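Student: Below is the sequence, then the predicted model.
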Amino acid sequence: MRKNPNANLVFKSSGASLRKEEPIVQNRLDNVKETRTSLVAQLAELKTAIEHERTLRPLSQLAVLQDEVDAYGACDPAKVEEKKRSVTLAHEAAVRWTDNYSILLSHFTRQTGMDAQDIRKYLEIGDDYEDIF
């Protein structure tokens, strides 16, 4: 077999063209590495932002619910329940005082023999006074 004298030239010339393209390929590789690094950094930032948002979301939902409760105003279930308890306590206190007043009035009228109207007039208790019973 005979060797082709031009065969070496083909390989030599292709090697020379590869050496010329090597810096171009190296630049592309460096650019890709830089892009990858920046994308990885952006991904890390986005993950951090998502986690931060997830931790804040329950607080923001709580704020929305608090605004909704505030919008109810006087119809807020907790306030209504508190007012019911206050009314019950006030009613019990009124019954207690009315009961005490009635007991004292009847005792005083029996002891002194005075009329209940005279005692009420002396104590400046008006005719509009009503017993709760």
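Tutor: Cool, the structure landed. Here the structure is a predicted model, which is why all the values come from computation and not from measurement. Numbers count the residues shown, from 1 in each chain.
Student: so where's this structure uncertain?
Tutor: Applying pLDDT under 70 to the chain flags the ranges 1-19, 131-133.
Student: how near is V87 to E51?
Tutor: Using Cβ to Cβ, to the nearest Å, V87 is found at 49 Å from E51. Every C-beta, even on glycine, is put in place using the N, C-alpha and C of the backbone.
Student: err, P23, not the other one
Tutor: Using Cβ to Cβ, P23 is found at 42 Å from E51.
Student: Repeat that for F108.
Tutor: Between F108 and E51 the computed distance is 77 Å (Cβ to Cβ).
Student: Let me know the distance separating R28 from E34.
Tutor: 11 Å.
Student: Repeat that for T48.
Tutor: Taking Cβ to Cβ as the measure, T48 falls 21 Å from E34.
Student: Ok, K121 next?
Tutor: As judged by Cβ to Cβ, K121 and E34 stand 102 Å apart.
Student: Which helix or which strand is home to the residue nearest the centre of the chain?
Tutor: Centroid-nearest residue in the chain, with Cα atoms, centre = their mean: L62, separated by 1.3 Å. Using DSSP states H and E, L62 falls within helix 7-72.
Student: Name the next helix or strand downstream of that helix, please.
Tutor: Next helix or strand after helix 7-72 toward the C-terminus (DSSP H and E): helix 77-112.
Student: which other helices and strands contact the following helix or strand past that following helix?
Tutor: Once the chain leaves helix 77-112, the next helix or strand it forms, by DSSP H and E, is helix 116-122. Using 3 or more Cβ pairs under 8 Å, 6 or more residues apart in numbering; DSSP states H and E as the contact test, the elements touching helix 116-122 are helix 77-112.
Student: So E130: helix, strand or coil?
Tutor: coil (DSSP: H, G, I helix; E, B strand; the rest coil).
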